[in-house]
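Engineer: Whatever this is, show me its structure:
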Amino acid sequence: MDASPSSTPLSARPIEPEGKVYDRAFYLLCGGTVLFMASFGMLLPELPAHLAQMGGEQYLGGIVGMFALAAFLSRFLSGRIADKAGRRKVMLIGSAVTAVAGFGYIVATSIVAFLALRFFHGLSTGFRPTGTSAMLTDRIPKNRRGEALGYLGVAGNAGMASGPALGSWLTVEWGIEWMFLASAVLGIVSLLFTWPLEETLPDARAVRAADLNPFKGPLIDPQAWPAAVVLLPIALAFGVYLTITPDFVDHLGYVYKGSFNTIIVVSSISMRFIAGRMSDRYGRIPMMLAGTILLFVGMALLGAAETKTVATIGGLVYGASIGINMPTVFAWTADLAQPGRIALALGTMLMALEIGIGIGAVASGMHFEGDVARLPELYYMAAAGALLTSLALIPPLLMGKRS
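Structural biologist: Numbers count the residues shown, from 1 in each chain. Predicted coordinates:
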């Protein structure tokens, strides 16, 4: 059989450090990511008001908390499945779940049904990002890993920028049911973008019952703990942001609440174009230090904001911190992973993301309780966590450690 590169499936072909790095399969990955992130991201600005109309304002933290809990639990399985049965399978599962959930919101008219659906929807992010990041890591040489993951992050941010803006417009102009329908359609198209991709895991097999048994085989990769620990306060800040920012921007007078998300995401996208490449060149720890310092400043500015101008500046700084931190922590995790366990390591790191988001969401929702006077306290709490993380990163940097 001819083993020349021309006979190898395009998306399964290893990519050399020199030459063309980004091809059709890369763009399918990115396109599917844009659609997936827009599908679930478009819901975030409008769900708090929707839940309040159902009489569940006291369960505000559950909007993000139930979602994050499901994503966290599913990561015990998604990384293992991706490393044994293949990356493509877990990506397809994630896209399918978000499509089904979009239709489900239309008929979930009780608080119990709504929160149960949020839990089900959370399974999508427990699967899709793990498989996508692992497939991209398979295809990109290590010395360009941060760069490629940065560009994948640009795709995710593009979805998070366009989704909330579109969702708010649909809700205001047409009604929330049309937003739910649009979310489902975007999930279906994400599935269609994923279907043509060839599996990149050598010797991928069918999913076995043992893969679904949490008591058989490893659930985490301990090598990923440094990246996971650093990610935790970053994720906590994100959980706070997701939970209280819709009320914060409403208090400041925004009609289309999703437009403030667009400010953050555009800033993050701009930074991602250079942050991943810089982490490849200068090291993961220096970039994480820069990112957590910006996170501290951004959260502090949001806490102090009493005008749209100050809030916009805070949002731009916060967005820049995301643009640095996320591609860097993904690349750092892949660097730390044991051979054959990249997806497991990524799943381990992403568990910290879900824990942080869940704690931030539930704690801020319980403390907020609809009182806008408490909003600054919550942003300052997130800023304090970022400051402590920055201080913790300084000693290893002084010792000459960069990754």
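
Engineer: now the helices for the stretch 301-403 of the chain?
Structural biologist: Along the stretch 301-403 of the chain, counting by DSSP state H, counting those that start in this stretch, helices occupy 308-336, 342-368, 375-398.

Engineer: Pull the residues that contact the shortest one.
Structural biologist: Residues outside helix 375-398 that contact it (C-beta atoms under 8 Å, 6 or more residues apart in numbering): 230, 233-234, 236-237, 240-241, 244, 247-248, 251, 285-286, 288-289, 292-293, 295-297, 299-300, 302-304, 321, 360, 364, 367-368. The C-beta positions use only the backbone N, C-alpha and C, and glycine is treated the same way.

Engineer: Run through the stretch 301-403 of the chain and note the low-pLDDT ranges.
Structural biologist: By pLDDT under 70, the low-scoring segments of the stretch 301-403 of the chain are 369-370.

Engineer: If we use 80, what do you get?
Structural biologist: 339-340, 367-372, 400-403 (pLDDT under 80).

Engineer: What's the ChimeraX line that selects buried ones from the contacts of helix 375-398?
Structural biologist: Entered in ChimeraX, the line below selects the buried ones among the contacts of helix 375-398, by 16 or more other C-beta atoms under 10 Å:
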select :230,233,234,236,237,240,241,244,247,248,285,286,288,289,292,293,295,296,297,299,300,302,303,321,360,364,367,368
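
Engineer: Is it possible to get CSV of the helices of the stretch 301-403 of the chain that adds distance to residue 203?
Structural biologist: Shown next, in CSV, are the helices of the stretch 301-403 of the chain (distance: least, C-beta to C-beta, whole Å):
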stretch, distance to residue 203
helix 308-336, 20
helix 342-368, 14
helix 375-398, 37
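
Engineer: closest one to residue 67 among those helices?
Structural biologist: Comparison of those against residue 67 by C-beta to C-beta identifies helix 342-368 as nearest, at 8.2 Å.

Engineer: Tell me which of the helices of the stretch 301-403 of the chain sits nearest to residue 126.
Structural biologist: Using C-beta to C-beta, those put helix 342-368 closest to residue 126, at 7.6 Å.

Engineer: Does that closest one pack against any helices or strands, and if so which?
Structural biologist: Using 3 or more C-beta pairs under 8 Å, 6 or more residues apart in numbering; DSSP states H and E, the elements in contact with helix 342-368 are helix 60-84, helix 111-139, helix 225-252, helix 308-336, helix 375-398.

Engineer: Residue 150: which of those helices is closest?
Structural biologist: helix 308-336 (3.9 Å).

Engineer: That closest one packs against which elements?
Structural biologist: Under the contact rule (3+ C-beta pairs under 8 Å, 6+ apart), helix 308-336 is packed against helix 111-139, helix 145-173, helix 225-252, helix 258-282, helix 284-304, helix 342-368.

Engineer: Deepest-packed of these, please.
Structural biologist: helix 342-368 (a mean of 25; mean count of other C-beta atoms under 10 Å).

Engineer: picking up where we left off before, quick one: which of the helices of the stretch 301-403 of the chain is nearest residue 38?
Structural biologist: Closest among these, once you apply C-beta to C-beta, is helix 308-336, at 16.7 Å.

Engineer: Report the inter-axis angle for that closest one versus helix 375-398.
Structural biologist: 40 degrees (axes from the mean of the first three to the mean of the last three C-alpha atoms, to 10 degrees).

Engineer: Next, the angle helix 342-368 makes with helix 308-336.
Structural biologist: 150 degrees.

Engineer: Just tell me which of the helices of the stretch 301-403 of the chain ends up closest to residue 223.
Structural biologist: Of all these, helix 308-336 comes closest under C-beta to C-beta, at 4.7 Å.

Engineer: buried sites along the closest one?
Structural biologist: Quick answer for helix 308-336 (16+ other C-beta under 10 Å): 311-336.

Engineer: With stretch 206-217 instead?
Structural biologist: Neighbour count says stretch 206-217 has 207, 211 buried, by 16+ other C-beta under 10 Å.

Engineer: returning to that earlier point: redo the helices and strands packed on helix 342-368 as JSON lines? Include distance to residue 103.
Structural biologist: Below are the helices and strands packed on helix 342-368 laid out as JSON lines (distance: least, C-beta to C-beta, whole Å):
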{"stretch": "helix 60-84", "distance to residue 103": "17"}
{"stretch": "helix 111-139", "distance to residue 103": "10"}
{"stretch": "helix 225-252", "distance to residue 103": "23"}
{"stretch": "helix 308-336", "distance to residue 103": "30"}
{"stretch": "helix 375-398", "distance to residue 103": "33"}
